[in-house]
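1. Return atomic coordinates for the entry below.
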Amino acid sequence: MTTVVSVHSFRGGTGKSNTTSNLAAQLAAAGNRVAVVDTDIQSPGIHVLFGFADDLDHTLNDYLWGKMPIKDTAHDVTSVIAASTPVAEGGALFLVPSSMKAGDIARVLREGYDVGTLNDGFRDLARELQLDYLLIDTHPGLNEETLLSITISDILLLILRPDRQDFQGTAVTVDVARRLDVPALFLVVNKVPHGVDSADLREQMTEAYRAETAAILPLSEEVVQNASAGLYSLTSPDAAWSEGIRSIAARISQ
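-> Numbers count the residues shown, from 1 in each chain. Coordinates of the predicted model:
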């Protein structure tokens, strides 16, 4: 049985893709079969964290336009994890990237795509790769694709910064998720400045959203300096940010 986890933020710049990729790596390193699908088709980028160049082929776009089965767009990136940390027996990580080619992005903006086909792809990918976890890296904001991802999710992970606009946008997303009866919803507060009382912030989150905060991730110069050059939670496992990622993995694995 595959657990579908949508990772979403109402606004861009929250560190959503970085969080998603590191979370997927931790789950795979623990011995799970995991896939990440980059559905931020208008502005993809998660592939960079796994060392891919922008001109990569075999992407989600190719599947959506009927060029190939979705399984053929899944790149095995288990070796990226294994280069930094041991991978438990059975663990594997796959990435379905979106295209960074200007023509492909322009086509998506001009023509869109069939979200029903996307839903079928999620199901086929989970079955054919025998996944334990399918992580969907969504496009920020609320649109048809996002609503689909939320609807089919077992877990919705909402990423936000300690910022008033993020707070307001997240409140809207939480309300939508509850109307769609998402089984489990967790908050992750990212880029929290040093000196902020984490216990007080967690209490504020609980009061505002009536939802559990899975982690409070500190604003880290080291993560910023990493600049999407790799999976920080693997290369710097003792950092507070990395500990937070592991706590998210532990929570959704319960």
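2. Show me which parts of the helix or strand bottoming out on mean pLDDT in the chain are buried, residue by residue.
-> Lowest mean confidence among the helices and strands of the chain (mean pLDDT, DSSP states H and E): helix 221-226, at a mean of 81. The neighbour-count check on helix 221-226 (16 or more other Cβ atoms under 10 Å) flags 223, 226 as buried. For the C-beta atoms, the positions are set from N, CA and C on the backbone; glycine is no exception.
3. contacts for it?
-> Around helix 221-226, the neighbours that count as contacts under Cβ atoms under 8 Å, 6 or more residues apart in numbering are 15, 18, 232, 235-236, 239, 241.
4. Show the subsequent helix or strand relative to it.
-> With elements assigned by DSSP states H and E, the helix or strand that comes after helix 221-226 is helix 232-235.
5. Walk me through the regions of the stretch 151-254 of the chain where pLDDT falls short of the threshold, as ranges.
-> For the stretch 151-254 of the chain, applying pLDDT under 70 flags the ranges 227-229.
6. Could you pull out the helices in it for me?
-> Taking DSSP state H, counting those that start in this stretch as the test, the helices found in the stretch 151-254 of the chain are 164-179, 198-209, 221-226, 232-235, 240-252.
7. Now render those as TSV, adding distance to Ala29.
-> Listed next are the helices of the stretch 151-254 of the chain as TSV, based on distance: least, Cβ to Cβ, whole Å:
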stretch	distance to Ala29
helix 164-179	28
helix 198-209	26
helix 221-226	18
helix 232-235	8
helix 240-252	9
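8. Name the stretch among those that sits most buried.
-> helix 232-235 (a mean of 22; mean count of other Cβ atoms under 10 Å).
9. Nearest to Ile41, out of the helices of the stretch 151-254 of the chain?
-> helix 164-179 (19.3 Å; Cβ to Cβ).
10. Contacts for that closest one, please.
-> With Cβ under 8 Å, 6+ apart, helix 164-179 has contacts from 8-11, 14, 142, 147, 150, 156, 158, 160, 185, 187, 208-209, 211.
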